[in-house]
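Asks: Dropping the sequence and predicted coords here.
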Amino acid sequence: MIHTEVGPCFLGRALFISTEKIEVGVTLDVGPRIILLRKPGGENILFGDREDQINKDVSAIYGKGAMWHIYGGHRIWLSPEEEKTYYPDNEPVAYEVVGNEVSFRPAVWKVHDVQTELILRFTAPDAFDVEMRATNCGKGDKDLCLWGLTVMKCGGTLRVDLSREDTGYLANRNLVLWHYTDVRDERLTLENDAVIVKSNPKATKAFKLGIYNKQINAEYRYGDATFVKRYAAEEGQYPDYCCNFETYTSDLIHEVESLSPIRSVQPGETLCHLEHWSLQ
(Lines give C-alpha, C1' and ligand atoms only; values in the text may rest on other atoms or scores of the structure.)
Protein backbone atom coordinates (compact mmCIF):
# COMPACT_ATOMS: atom_id res chain seq x y z
CA MET A 1 0.00 0.00 0.00
CA ILE A 2 2.91 2.39 0.64
CA HIS A 3 5.66 3.65 -1.63
CA THR A 4 8.99 4.77 -0.13
CA GLU A 5 11.83 6.80 -1.59
CA VAL A 6 14.86 8.61 -0.15
CA GLY A 7 15.18 12.21 -1.33
CA PRO A 8 16.39 15.66 -0.27
CA CYS A 9 14.73 18.01 2.21
CA PHE A 10 15.93 21.21 3.88
CA LEU A 11 17.46 19.09 6.68
CA GLY A 12 19.44 16.80 4.37
CA ARG A 13 17.97 13.42 3.42
CA ALA A 14 14.47 12.25 4.20
CA LEU A 15 12.48 9.09 3.61
CA PHE A 16 9.30 9.97 1.75
CA ILE A 17 6.35 7.63 2.23
CA SER A 18 3.24 7.94 0.12
CA THR A 19 -0.16 6.37 -0.41
CA GLU A 20 -2.89 7.42 -2.81
CA LYS A 21 -4.15 9.95 -0.26
CA ILE A 22 -1.22 11.21 1.86
CA GLU A 23 2.48 12.01 1.62
CA VAL A 24 4.76 11.77 4.66
CA GLY A 25 8.44 12.66 5.00
CA VAL A 26 10.80 11.69 7.85
CA THR A 27 14.31 13.09 8.29
CA LEU A 28 17.30 10.75 8.11
CA ASP A 29 20.27 13.04 8.86
CA VAL A 30 18.85 14.52 12.09
CA GLY A 31 15.99 13.77 14.44
CA PRO A 32 14.01 11.84 13.40
CA ARG A 33 11.26 14.33 12.58
CA ILE A 34 8.08 13.74 10.63
CA ILE A 35 8.78 16.86 8.61
CA LEU A 36 6.19 16.49 5.84
CA LEU A 37 2.46 15.74 5.99
CA ARG A 38 0.18 16.65 3.11
CA LYS A 39 -2.36 15.46 0.60
CA PRO A 40 -0.77 14.55 -2.77
CA GLY A 41 0.29 17.80 -4.39
CA GLY A 42 -1.10 19.82 -1.48
CA GLU A 43 0.54 22.10 1.07
CA ASN A 44 2.64 20.70 3.88
CA ILE A 45 0.78 21.49 7.12
CA LEU A 46 3.80 20.86 9.36
CA PHE A 47 6.12 23.69 10.41
CA GLY A 48 9.67 23.54 9.07
CA ASP A 49 12.27 25.79 10.68
CA ARG A 50 14.18 26.56 7.50
CA GLU A 51 15.79 29.67 9.01
CA ASP A 52 16.68 27.99 12.33
CA GLN A 53 14.65 30.50 14.33
CA ILE A 54 14.04 28.16 17.30
CA ASN A 55 17.18 26.70 18.87
CA LYS A 56 18.92 26.40 22.22
CA ASP A 57 22.52 26.21 23.40
CA VAL A 58 22.76 23.02 25.49
CA SER A 59 26.56 22.86 25.74
CA ALA A 60 26.42 23.07 29.55
CA ILE A 61 24.79 19.62 29.58
CA TYR A 62 25.85 17.94 26.34
CA GLY A 63 29.30 19.39 25.69
CA LYS A 64 30.93 22.30 23.89
CA GLY A 65 29.08 23.41 20.77
CA ALA A 66 25.98 21.28 21.41
CA MET A 67 22.84 22.93 20.04
CA TRP A 68 19.23 21.79 20.14
CA HIS A 69 17.09 22.72 17.13
CA ILE A 70 13.33 22.39 16.90
CA TYR A 71 13.66 21.56 13.16
CA GLY A 72 9.87 21.31 13.04
CA GLY A 73 7.35 18.57 12.38
CA HIS A 74 6.73 15.76 14.88
CA ARG A 75 9.34 14.65 17.39
CA ILE A 76 9.73 12.34 20.37
CA TRP A 77 10.52 14.15 23.60
CA LEU A 78 10.60 13.34 27.29
CA SER A 79 8.55 15.07 30.00
CA PRO A 80 8.48 16.79 32.48
CA GLU A 81 10.24 19.60 30.60
CA GLU A 82 13.63 20.72 31.89
CA GLU A 83 16.96 21.79 30.41
CA LYS A 84 18.04 18.17 29.94
CA THR A 85 15.01 17.37 27.75
CA TYR A 86 16.40 19.60 24.99
CA TYR A 87 18.45 16.76 23.59
CA PRO A 88 20.54 17.75 20.51
CA ASP A 89 19.39 14.99 18.15
CA ASN A 90 21.65 16.05 15.30
CA GLU A 91 22.98 12.65 14.15
CA PRO A 92 21.92 10.29 11.33
CA VAL A 93 18.92 8.03 11.80
CA ALA A 94 18.67 4.35 10.81
CA TYR A 95 15.44 3.16 9.24
CA GLU A 96 13.76 -0.07 8.13
CA VAL A 97 10.73 -0.73 5.91
CA VAL A 98 8.75 -3.93 6.48
CA GLY A 99 5.48 -4.11 4.57
CA ASN A 100 3.35 -1.11 5.58
CA GLU A 101 5.50 -0.36 8.64
CA VAL A 102 8.52 1.94 8.77
CA SER A 103 10.75 2.32 11.84
CA PHE A 104 13.32 5.04 12.59
CA ARG A 105 16.01 4.70 15.24
CA PRO A 106 18.53 7.44 16.15
CA ALA A 107 21.63 7.01 18.30
CA VAL A 108 21.23 6.44 22.04
CA TRP A 109 20.59 9.72 23.82
CA LYS A 110 23.67 10.73 25.78
CA VAL A 111 23.22 11.71 29.46
CA HIS A 112 19.71 10.18 29.38
CA ASP A 113 20.96 6.70 28.35
CA VAL A 114 17.71 6.25 26.45
CA GLN A 115 17.17 4.73 22.99
CA THR A 116 14.16 6.20 21.20
CA GLU A 117 12.35 4.73 18.22
CA LEU A 118 9.64 6.10 15.94
CA ILE A 119 7.39 3.63 14.12
CA LEU A 120 4.86 4.55 11.43
CA ARG A 121 2.29 1.86 10.70
CA PHE A 122 0.00 2.60 7.75
CA THR A 123 -3.52 1.30 8.37
CA ALA A 124 -5.50 3.01 5.58
CA PRO A 125 -4.76 5.24 2.56
CA ASP A 126 -5.36 8.37 4.70
CA ALA A 127 -4.39 7.09 8.17
CA PHE A 128 -1.47 5.65 10.09
CA ASP A 129 -0.39 4.89 13.62
CA VAL A 130 2.54 6.74 15.19
CA GLU A 131 4.20 4.65 17.86
CA MET A 132 6.91 6.18 20.03
CA ARG A 133 9.26 4.10 22.15
CA ALA A 134 11.95 4.81 24.73
CA THR A 135 14.21 2.02 26.00
CA ASN A 136 16.20 2.40 29.21
CA CYS A 137 19.83 1.73 28.23
CA GLY A 138 21.21 2.70 31.65
CA LYS A 139 22.06 0.63 34.69
CA GLY A 140 19.27 1.79 37.00
CA ASP A 141 15.53 2.37 36.85
CA LYS A 142 14.37 5.59 35.15
CA ASP A 143 11.15 7.54 35.47
CA LEU A 144 10.14 8.24 31.86
CA CYS A 145 7.22 9.99 30.18
CA LEU A 146 6.97 10.00 26.39
CA TRP A 147 5.94 13.31 24.88
CA GLY A 148 4.81 13.47 21.26
CA LEU A 149 5.02 17.01 19.88
CA THR A 150 3.52 17.71 16.47
CA VAL A 151 4.56 21.17 15.35
CA MET A 152 2.04 22.58 12.87
CA LYS A 153 2.21 25.73 10.80
CA CYS A 154 0.75 28.73 12.62
CA GLY A 155 -2.58 30.07 11.41
CA GLY A 156 -4.89 27.10 11.86
CA THR A 157 -7.62 26.15 14.33
CA LEU A 158 -7.27 23.42 16.95
CA ARG A 159 -10.28 21.75 18.53
CA VAL A 160 -9.83 19.14 21.27
CA ASP A 161 -12.71 17.41 23.02
CA LEU A 162 -13.32 17.77 26.74
CA SER A 163 -14.86 15.02 28.84
CA ARG A 164 -18.65 14.90 29.04
CA GLU A 165 -18.65 11.96 31.47
CA ASP A 166 -21.15 12.23 34.34
CA THR A 167 -18.93 11.80 37.39
CA GLY A 168 -21.49 12.71 40.03
CA TYR A 169 -19.94 14.77 42.78
CA LEU A 170 -16.46 14.53 41.28
CA ALA A 171 -14.81 16.81 38.72
CA ASN A 172 -14.74 15.57 35.13
CA ARG A 173 -12.54 18.20 33.40
CA ASN A 174 -9.29 20.02 34.06
CA LEU A 175 -7.73 23.05 32.41
CA VAL A 176 -4.02 23.62 33.12
CA LEU A 177 -2.42 26.99 32.37
CA TRP A 178 1.20 28.10 32.11
CA HIS A 179 2.47 31.29 33.76
CA TYR A 180 2.58 33.22 30.47
CA THR A 181 -0.93 32.17 29.39
CA ASP A 182 -3.51 34.96 29.42
CA VAL A 183 -7.02 33.56 30.04
CA ARG A 184 -8.40 36.55 28.10
CA ASP A 185 -6.36 35.65 25.00
CA GLU A 186 -8.51 36.05 21.90
CA ARG A 187 -7.06 32.87 20.45
CA LEU A 188 -8.86 30.80 23.11
CA THR A 189 -12.50 29.72 23.05
CA LEU A 190 -13.95 27.45 25.75
CA GLU A 191 -17.02 25.35 25.15
CA ASN A 192 -18.64 22.81 27.45
CA ASP A 193 -17.38 19.94 25.33
CA ALA A 194 -14.23 21.34 23.71
CA VAL A 195 -11.26 23.70 23.84
CA ILE A 196 -10.64 25.72 20.65
CA VAL A 197 -7.36 27.55 20.00
CA LYS A 198 -6.85 29.63 16.85
CA SER A 199 -3.20 30.43 16.22
CA ASN A 200 -2.18 33.77 14.76
CA PRO A 201 1.09 34.70 12.97
CA LYS A 202 0.59 38.24 14.31
CA ALA A 203 0.48 37.15 17.97
CA THR A 204 2.83 39.01 20.29
CA LYS A 205 3.12 36.41 23.06
CA ALA A 206 3.00 32.67 23.56
CA PHE A 207 0.01 30.67 24.80
CA LYS A 208 -0.13 27.19 26.33
CA LEU A 209 -2.72 25.03 28.06
CA GLY A 210 -3.24 21.39 28.92
CA ILE A 211 -6.11 19.02 29.64
CA TYR A 212 -6.80 15.40 30.50
CA ASN A 213 -9.37 13.22 28.75
CA LYS A 214 -9.69 9.44 28.68
CA GLN A 215 -10.10 9.58 24.90
CA ILE A 216 -8.24 12.40 23.19
CA ASN A 217 -9.68 13.58 19.90
CA ALA A 218 -7.76 16.59 18.56
CA GLU A 219 -8.32 18.20 15.16
CA TYR A 220 -6.16 20.92 13.61
CA ARG A 221 -7.57 22.64 10.54
CA TYR A 222 -5.13 24.42 8.25
CA GLY A 223 -6.24 25.54 4.81
CA ASP A 224 -8.25 22.79 3.18
CA ALA A 225 -6.73 20.02 5.32
CA THR A 226 -7.68 18.69 8.75
CA PHE A 227 -5.09 16.82 10.79
CA VAL A 228 -6.60 14.42 13.33
CA LYS A 229 -4.73 12.94 16.31
CA ARG A 230 -6.48 10.38 18.52
CA TYR A 231 -5.28 8.23 21.40
CA ALA A 232 -6.50 6.65 24.61
CA ALA A 233 -5.27 7.52 28.09
CA GLU A 234 -3.63 4.86 30.24
CA GLU A 235 -3.90 4.51 33.98
CA GLY A 236 -1.09 6.24 35.84
CA GLN A 237 0.39 9.55 36.92
CA TYR A 238 0.66 12.27 34.29
CA PRO A 239 2.90 15.38 34.39
CA ASP A 240 1.83 19.04 34.52
CA TYR A 241 -1.09 18.65 36.95
CA CYS A 242 -2.38 15.55 35.16
CA CYS A 243 -2.23 16.47 31.47
CA ASN A 244 -2.26 13.92 28.66
CA PHE A 245 -2.79 16.62 26.02
CA GLU A 246 -1.17 20.05 25.66
CA THR A 247 -1.06 22.76 23.02
CA TYR A 248 1.40 25.61 22.62
CA THR A 249 1.32 28.40 20.07
CA SER A 250 3.34 31.49 19.22
CA ASP A 251 3.64 33.65 16.12
CA LEU A 252 5.60 30.85 14.41
CA ILE A 253 4.12 27.50 15.43
CA HIS A 254 1.13 25.63 16.80
CA GLU A 255 1.94 22.43 18.68
CA VAL A 256 -0.46 19.51 19.14
CA GLU A 257 1.08 17.49 21.98
CA SER A 258 0.39 14.14 23.62
CA LEU A 259 1.82 12.64 26.81
CA SER A 260 2.09 9.16 28.25
CA PRO A 261 1.91 8.41 31.97
CA ILE A 262 5.14 8.62 33.94
CA ARG A 263 6.48 5.09 34.33
CA SER A 264 9.38 3.56 36.24
CA VAL A 265 11.29 1.81 33.44
CA GLN A 266 13.83 -0.87 34.34
CA PRO A 267 17.13 -1.36 32.45
CA GLY A 268 16.40 -2.90 29.06
CA GLU A 269 12.67 -2.21 29.37
CA THR A 270 10.79 -0.15 26.77
CA LEU A 271 8.06 2.45 27.30
CA CYS A 272 5.59 2.82 24.39
CA HIS A 273 3.08 5.51 23.46
CA LEU A 274 0.66 5.23 20.53
CA GLU A 275 -1.18 7.88 18.52
CA HIS A 276 -3.59 7.43 15.59
CA TRP A 277 -3.22 10.01 12.81
CA SER A 278 -5.32 10.84 9.78
CA LEU A 279 -5.41 13.66 7.25
CA GLN A 280 -8.78 14.71 5.90
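Replies: Received, thanks. Model, not experiment: these values are computed from the prediction. Numbers count the residues shown, from 1 in each chain.
Asks: Report the spatially nearest residue to the residue nearest to the spatial centre of the chain, omitting neighbours in sequence.
Replies: With the centre of the chain defined as its mean C-alpha position, the nearest residue by C-alpha atoms, centre = their mean is Leu149, 1.8 Å away. Distances taken as C-beta to C-beta, 6 or more residues apart in numbering put Glu257 closest to Leu149, at 5.0 Å, once the chain neighbours are dropped. Glycine gets a C-beta too; all of them are placed from N, C-alpha and C.
Asks: what sits against that neighbour?
Replies: Trp147, Gly148, Leu149, Thr150, Phe245, Glu246, Thr247, Tyr248 (C-beta atoms under 8 Å, 6 or more residues apart in numbering).
Asks: from what I can see, it looks like it's in a strand, true?
Replies: Yes: applying DSSP: H, G, I helix; E, B strand; the rest coil, one finds Glu257 inside a strand.
Asks: mind listing what Asp126 touches?
Replies: Counting by C-beta under 8 Å, 6+ apart, Asp126 makes contact with Thr19, Lys21, Ile22, Ser278, Leu279, Gln280.
Asks: Kindly give a single ChimeraX line that selects the buried subset of those residues.
Replies: A single ChimeraX command selects the buried members of the contacts of Asp126 (16 or more other C-beta atoms under 10 Å):
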select :19,22,278,279
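Asks: Roughly how far does Arg184 sit from Leu158?
Replies: Remark: distance between Arg184 and Leu158 (C-beta to C-beta, to the nearest Å) = 18 Å.
Asks: Which one's more surrounded, the two?
Replies: Higher neighbour count among Arg184 and Leu158: Leu158, with 24 against 5, using other C-beta atoms under 10 Å.
Asks: Following the stretch of helix or strand the more buried one belongs to in sequence, what is the next regular element?
Replies: According to DSSP states H and E, Leu158 maps onto strand 157-161. Where DSSP H and E defines the elements, the next helix or strand beyond strand 157-161 is strand 176-177.
Asks: ok, that next one: who's next to it in the sheet?
Replies: Partners of strand 176-177 in the sheet, by DSSP bridges, are strand 207-211 (antiparallel).
Asks: which residues sit against the strand it pairs with?
Replies: Residues contacting strand 207-211 (C-beta under 8 Å, 6+ apart): 160, 162, 173-178, 180-182, 185, 187-188, 195, 197, 240-241, 243-250.
Asks: which residues touch the residue of the chain positioned farthest from its centre?
Replies: Most distant residue from the mean C-alpha position of the chain: Tyr169, 34.1 Å away (C-alpha atoms, centre = their mean). Counting by C-beta under 8 Å, 6+ apart, Tyr169 touches no other residue.
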